[in-house]
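Enquirer: Structure for this input, please:
(one chain, ligands or ions: 2)
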Amino acid sequence: MVEISTSILTVSKDQIVKTIYNLEVAKTNYFHIDVMDGKFVENFTNEVMEEYCGYIKSISNIPLDVHLMVKNIKKYIDIYLNYEPNIITFHIEAVKNKEEALELIKYIKSNNCKVGIAINPKTKISKLHDVLDYIHMVTVMTVEPGKGGQNIIKEAIQKIKELKDYIDANNIDIDISADGGIKLENVEDVKSAGANIIVSGSGIINSNKYEDVISKMKI
Ligand code: DX5
Ligand code: ZN
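Expert: Ligands and ions are numbered 1, 2, ... in the order given. I've put the predicted structure just below:
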């Protein structure tokens, strides 16, 4: 059984409250909050994502899975800690060195929040070896970060397998999340590669059968 983290990036403001309710009924395990600062990636989503976190906190108990696609990681950690997320994930490409990554990991944990690190399709898994022991989850990007509704980059699925083999060989207990372009027609490849948390946005939101899609993705 995998867990599903539904990205609400592409949900319009007039649909968000209804969508939150419907995703809760459909038993999404998490709401995936895609925070973009207009610097690490072109788009800027912070205001809308904060507004959506506010709605979720007021009407649902489903945990937040916050994905920071930002340069100034500490600034956005402080913003999203206010919404008591289950986990905050930042990009390894946005930190200068291992020391900075470990500082941020320690800071997030000190605020009773789990920590994830995301890697872009072109980033090698070996870039994470130094930090795997200190985090709860790796998010393998299966699209270039920056927007929803893209097609999956098939080569990135191989990286999930490489990461899974590495954590198994080194007895590291960590979640592997895959994020980007994941739909019913490709989710089996992603799961068999080793992902145990599936992030999906358009693959769920664009279907009008959230419960059907989410339950099939979970099997
Ligand atoms: C892309 C985001 C993803 C994206 C997922 O930068 O990190 O979470 O919104 O949406 P789909 O599943 O439509 O690619
Ligand atoms: Zn994301």
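
Enquirer: only C-alpha atoms for contact and neighbour calcs from this point on.
Expert: Noted.

Enquirer: ok, which residues in the chain are in contact with ligand 1?
Expert: Residues of the chain lying close to ligand 1 (Cα under 6 Å from any ligand atom) are 7, 9, 34, 145-150, 179-182, 200-203.

Enquirer: okay, which residue is most central for the protein?
Expert: residue 67 (5.0 Å; Cα atoms, centre = their mean).

Enquirer: Doesn't that residue lie inside a strand?
Expert: Yes: under DSSP: H, G, I helix; E, B strand; the rest coil, residue 67 sits within a strand.

Enquirer: Give me the nearest residue to residue 187, chain neighbours excluded.
Expert: Distance criterion Cα to Cα, 6 or more residues apart in numbering; nearest residue to residue 187, sequence neighbours excluded, is residue 217 at 6.6 Å.

Enquirer: The one you found reaches residue 185, doesn't it?
Expert: No: at 9.6 Å, residue 217 does not count as touching residue 185 under the criterion of Cα atoms under 8 Å.

Enquirer: can you map out the helices along this protein?
Expert: With DSSP state H as the criterion, the chain has helices at 16-25, 46-59, 73-81, 98-110, 154-169, 184-193, 202-205, 210-218.

Enquirer: Just name the most buried of those helices.
Expert: Each of the helices of the chain was given a mean neighbour count from mean count of other Cα atoms under 10 Å, and the largest, a mean of 22, is that of helix 202-205.

Enquirer: Point out the other elements, helices or strands, that that one touches.
Expert: Applying 3 or more Cα pairs under 8 Å, 6 or more residues apart in numbering; DSSP states H and E, one finds that helix 202-205 contacts helix 210-218.

Enquirer: which strands and helices sit next to the helix it packs on?
Expert: Short answer (3+ Cα pairs under 8 Å, 6+ apart): helix 210-218 packs on strand 3-7, helix 16-25, helix 184-193, helix 202-205.
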